[in-house]
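Enquirer: Everything below, folded, please.
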Amino acid sequence: MTNKNFHIETFQEAGEVILPAFNIPYIAGKVIGIYTDLTKAHHLLKAFSAYKNIDIHLKEDALYERLTVKEHIKFFHKLYQSAEPVSSLVNSVGLNHVMNTKIRDLNESDARKLHFVKYYLSRYTSLVLDEPFQNINRQAKQVIINIIESFNKKMVIIISSNLEDLIDACDNIYRLDKNGMKLLDINNEQTQSDESTDTGDLRIDKIPTKKDDKIILFNPPEIDYIESVEGEVNVYVSGVSYPCSLTLTELEKRLVPLGFFRCHRSYIVNLQKVREIITWTRNSFSLSIDTADKVTVPLSRNKLPILKKIIGI
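Expert: Presented below is the predicted three-dimensional model:
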């Protein structure tokens, strides 16, 4: 029976929520990306394994190393009683050049492509992939993306800590953190609306960042802090930096009304993410940011009285 909804239960450790509860609706033909860290990914994969009619690909999954590529493909061709010619399957996964090679002698890119023969033939309606593009070359990545796009009757969920991989392969991308699942607003630069479009007095509070030819828009509450080093501005979200074309002064003007504070000539912080004000010496202060890696950013001495007034201390 087709799953109509995937429900993930809350996972707690030492009283702290590691994985919050959330639902993912089943949509055939949709490729969903979940951008998260390794700990949450581990528990998420364990939760998905409780469902039936779902294929799960783990990055450490093994193959039958003593078989050749051709023998492996024939095995799954027979197992799933496929009517598609073996030669067509070989072409689909781009392995013509290693047909008679033992699996143990394949490089990681070709081995990863070979895994997808099974998922291509499987009748399961859902597929969950754990870091499918990790440590493989660009050609193998494109082959796998092409195979995923051919799954027009399956729902595919890709779990990764690499946002660029998800941008390349997914229809929608969600960021999963301790607060839950949030849709990332990502646009391809080539598909931006015509500059001549009349926007009137429209105001957008999202902060634009850039990865390759993609523009990634973050809601201000998602941002931990912003740093400027030698004129290069980076926006930090969940420990990952994203280049931003706006200056720190432009960002300050946008973000101060939304609860941000210019704590130093090179830093802007989200005050909702500040956990501690640290005094190192009489004239040296820092702010501790509530992130997984416990980042601290400098606080200028002349900014301390202003900050105290803002937060009421």
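
Enquirer: what ranges do the strands span in the stretch 201-313 of the chain?
Expert: Remark: strands assigned in the stretch 201-313 of the chain by DSSP state E, counting those that start in this stretch are 207-211, 214-218, 225-229, 232-237, 240-244, 260-264, 267-270, 274-281, 284-289, 296-299.

Enquirer: Out of these, which is closest to Leu79?
Expert: Proximity to Leu79, assessed across the strands of the stretch 201-313 of the chain by C-beta to C-beta, is greatest for strand 214-218 (39.0 Å). Glycine gets a C-beta too; all of them are placed from N, C-alpha and C.

Enquirer: Neighbouring strands of the closest one in the sheet, and parallel or not?
Expert: Sheet pairing here is set by DSSP bridges, and for strand 214-218 it gives strand 185-188 (antiparallel), strand 207-211 (antiparallel).

Enquirer: what angle separates that strand from strand 240-244?
Expert: 110 degrees (axes from the mean of the first three to the mean of the last three C-alpha atoms, to 10 degrees).

Enquirer: Strand 214-218: how far from the chain's middle?
Expert: 13 Å (C-alpha atoms, centre = their mean, to the nearest Å).

Enquirer: Ok, stretch 19-39 next?
Expert: 10 Å.

Enquirer: Name the residues of that stretch that come out as buried.
Expert: Judged by neighbour count (16 or more other C-beta atoms under 10 Å), stretch 19-39 contains these buried residues: 19-20, 22, 24, 30-36.

Enquirer: Lowest-confidence one in those residues?
Expert: Lowest pLDDT among those: Leu19, with 83.

Enquirer: beta partners for it?
Expert: Applying DSSP bridges, one finds that Leu19 bridges with Phe11.

Enquirer: Would you mind measuring from it to Ala47?
Expert: 8 Å (C-beta to C-beta, to the nearest Å).

Enquirer: intersection of neighbour lists for those two?
Expert: Shared contacts of Leu19 and Ala47, defined by C-beta atoms under 8 Å, 6 or more residues apart in numbering, are found at 8, 11.

Enquirer: picking that back up, export the buried residues of stretch 19-39 as a markdown table, with columns for secondary structure and distance to His42.
Expert: Supplementary listing: those in a markdown table, determined by DSSP: H, G, I helix; E, B strand; the rest coil; distance: C-beta to C-beta, whole Å:
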| residue | secondary structure | distance to His42 |
| --- | --- | --- |
| Leu19 | strand | 9 |
| Pro20 | coil | 15 |
| Phe22 | strand | 16 |
| Ile24 | strand | 17 |
| Lys30 | coil | 24 |
| Val31 | strand | 22 |
| Ile32 | strand | 18 |
| Gly33 | strand | 17 |
| Ile34 | strand | 13 |
| Tyr35 | strand | 15 |
| Thr36 | coil | 10 |
